[in-house]
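In: here you go, sequence then predicted model.
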Amino acid sequence: MERIICLLVSVFIFIGCARKEQESGIVIWHWMTDREDVFVEFAKKYKQQTGVQVKFELYAPSEIYTQKIRAAAQTNTLPDIYGILGSKRDFASFIKSGHVENLTEQMELDGGKWKNSFFEKVVEANSFKPGNRFGIEPGIYGVGIDMMNIQMLYNKDLFKQAGLDPEKPPRTWTEFIEINRKLKKANIPGLVSGFGEIWLIECLANNFAFNIMGEKKVLDTYRGQVPYTDPDWMNVFELFDIMRKEEIIIKDSITMVNKSAEQLFSNNKAAFAFNGSWCINVYKGMNPSLNYAPMLVPKVSNKYPVRIWGGQGAYIVVNAKSSKKKQAIDFLKWLTAKEQQIILVQKTSNLPSNKEAISMIDPILREFSLGMNYITHPSMWNVEESPEVVEVFSKGIQSILIGEKTPQEVALEVQKIKLQKLKETK
């Protein structure tokens with residue numbers, strides 16, 4: 001009798017735990033403040049259609065989110081689905097620690113139906129190829145929610161105010177300088193960006209570098225084959241010194257977070273901004289009447305094409321240690337299907353990752369989509385610079401912009417830390 005009672009108790013406990021797990025549903029962590037409302041709508045819709053509960057948990061800003069997922073990885077408390085903010089190296093570290101499910105098999109089902117619904121660059125950004133430098137088993141590990149690219153933006157109304165043609169943004173560096181001089185005469189501030197977030201400085205400097213010296217030489221620098229004191233890199237540093245001398249960049253923006261920079265541009269307080277395609281939804285909330293358009297980063301050289309950072313925007317992964325992997329994968333297939341992607345485009349004004357939803361984008365987003373023809377991104381390269389060198393590089397440019405250091409001093413400092421890192425890896 002005692003054995004029967006114990007068995008019955010165990011059964012009830014098991015059923016209770018299973019019911020509790022089912023009721024708790026799928027938990028998703030993210031940082032995307034501009035998508036919170038639509039994610040809540042999706043959760044309700046999915047529950048109605050499937051009976052499965054989905055809970056989105058928002059943690060922002062991005063620095064707080066990054067700290068949270070790293071801490072959760074160390075304590076094995078990551079949710080069923082989550083995003084990884086960081087470099088390809090960060091992505092690889094989560095995979096190596098067993099926190100990311102390999103989705104290749106699921107992507108290839110039914111003749112690759114799920115995989116083929118995405119733009120090629122989205123799949124590429126989430127993949128690790130054979131022989132990758134991280135030693136990751138080849139496969140597809142992430143699911144792209146949208147695409148993005150980062151460009152210059154210009155305010156058409158402020159152009160008119162300065163007597164400039166609002167349909168003719170600067171295409172070259174020389175034109176950019178001349179237009180900024182005219183804006184200055186009209187007492188209109190020039191460029192604003194959240195350069196307090198140093199990845200934006202790295203991004204802009206990288207754009208200049210690709211145009212001046214080409215992709216091969218940039219990547220050879222990261223490999224340690226070209227020094228940062230090379231004349232082409234000196235040219236990159238000197239461009240920022242020219243911007244300082246010409247007073248192009250709003251001084252406060254050198255240490256400003258991007259959200260504050262977005263507020264200034266949306267309030268017609270700057271003629272130019274350097275920001276990503278996600279800004280469309282941000283500006284829409286801040287100032288729906290803002291009259292602006294994207295433009296490529298001004299061309300410095302005719303030797304190589306202009307390149308801008310872009311490709312995949314936000315992406316999320318399935319926790320390989322989750323007990324609800326199947327439910328999580330089913331939900332991600334639903335989330336990235338055409339119907340939901342169209343809703344995301346309409347509600348958040350982000351470029352869709354699903355090819356079938358691209359026809360639904362609005363005019364300003366369509367202009368941003370043209371930039372996808374010029375994209376590059378660290379996640380697409382077979383080499384990357386060390387974080388320590390990137391930090392000295394980006395903070396050095398900050399120092400140039402405030403007149404604290406010369407381009408020569410920064411180049412020497414960056415090369416010094418580069419040589420140190422190369423010695424450590426030998």
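Out: Good, I have the coordinates.
In: which helix or strand contains the residue lying closest to G214 once chain neighbours are set aside?
Out: Sequence neighbours aside, Y304 is the residue nearest to G214 in space, at 4.2 Å (criterion: CB to CB, 6 or more residues apart in numbering). C-beta coordinates here come from the backbone N, C-alpha and C atoms, glycine included. Counting by DSSP states H and E, no helix or strand carries Y304.
In: thought Y304 was touching K217?
Out: No. Applying CB atoms under 8 Å as the test, Y304 and K217 come out as separate, 9.0 Å apart.
In: ok, which stretches of this protein are strands?
Out: Ranges of strands in the chain, per DSSP state E, are 26-30, 54-58, 81-82, 127-128, 139-140, 143-144, 146-155, 191-192, 272-276, 292-295, 308-312, 315-318, 351-352, 375-376.
In: show me what stretch 112-120 is in contact with.
Out: Stretch 112-120 is touched from outside by 106-108, 123, 140, 144, 147, 333, 336-338, 353-356, with contacts defined as CB atoms under 8 Å, 6 or more residues apart in numbering.
In: which pLDDT value belongs to I81?
Out: We have a pLDDT of 98 for I81.
In: got it, and P363?
Out: The model's pLDDT for P363 equals 88.
In: ok, M1 next?
Out: 48.
In: and what of Y59?
Out: 94.
In: what's the answer for P407, then?
Out: pLDDT, P407: 98.
In: rewinding a little: highest average neighbour count across the strands of the chain?
Out: Of these, the one with the most neighbours on average (mean count of other CB atoms under 10 Å) is strand 351-352, at a mean of 28.
In: which ones are touching the closest residue to R223 other than its chain neighbours?
Out: Nearest non-adjacent residue to R223, counting by CB to CB, 6+ apart: V383, 5.6 Å away. Contact partners of V383, counting by CB under 8 Å, 6+ apart, are R133, L219, Y222, R223.
In: what does stretch 153-168 rub up against?
Out: 169, 179, 182-183, 185-186, 188, 265, 268, 270-275, 279, 290-295.
In: tell me how many other residues crowd the nearest residue to F91 once chain neighbours are set aside.
Out: Spatial nearest neighbour of F91, excluding adjacent residues (CB to CB, 6+ apart): I84 at 5.4 Å. With neighbours defined by other CB atoms under 10 Å, the count for I84 comes to 24.
In: distance of I84 relative to P294?
Out: 27 Å (CB to CB, to the nearest Å).
In: how many other residues sit next to the closest residue to E178 other than its chain neighbours?
Out: Leaving aside its sequence neighbours, E178 sits nearest to P170 (CB to CB, 6+ apart; 7.6 Å). For P170, the count of nearby residues is 20 (other CB under 10 Å).
In: P170 touches L296, doesn't it?
Out: No. Using CB under 8 Å, P170 makes no contact with L296, being 9.7 Å away.
In: in this protein, which helix is the longest?
Out: helix 198-223 (DSSP state H).
In: could you say what helices and strands that helix packs with?
Out: Helix 198-223 sits against helix 231-245, strand 272-276, strand 308-312, helix 387-401, with contacts defined as 3 or more CB pairs under 8 Å, 6 or more residues apart in numbering; DSSP states H and E.
In: buried residues of the last one, list them for me.
Out: For helix 387-401, a neighbour-count test (16 or more other CB atoms under 10 Å) marks V389, V390, V392, F393, S394, G396, I397, Q398, S399, I400, L401 as buried.
In: which elements pack onto that helix?
Out: helix 198-223, helix 231-245, helix 407-425.
In: could you do the second one as well?
Out: In terms of contacts (3+ CB pairs under 8 Å, 6+ apart), strand 272-276 is packed against strand 146-155, strand 191-192, helix 198-223, helix 258-266.
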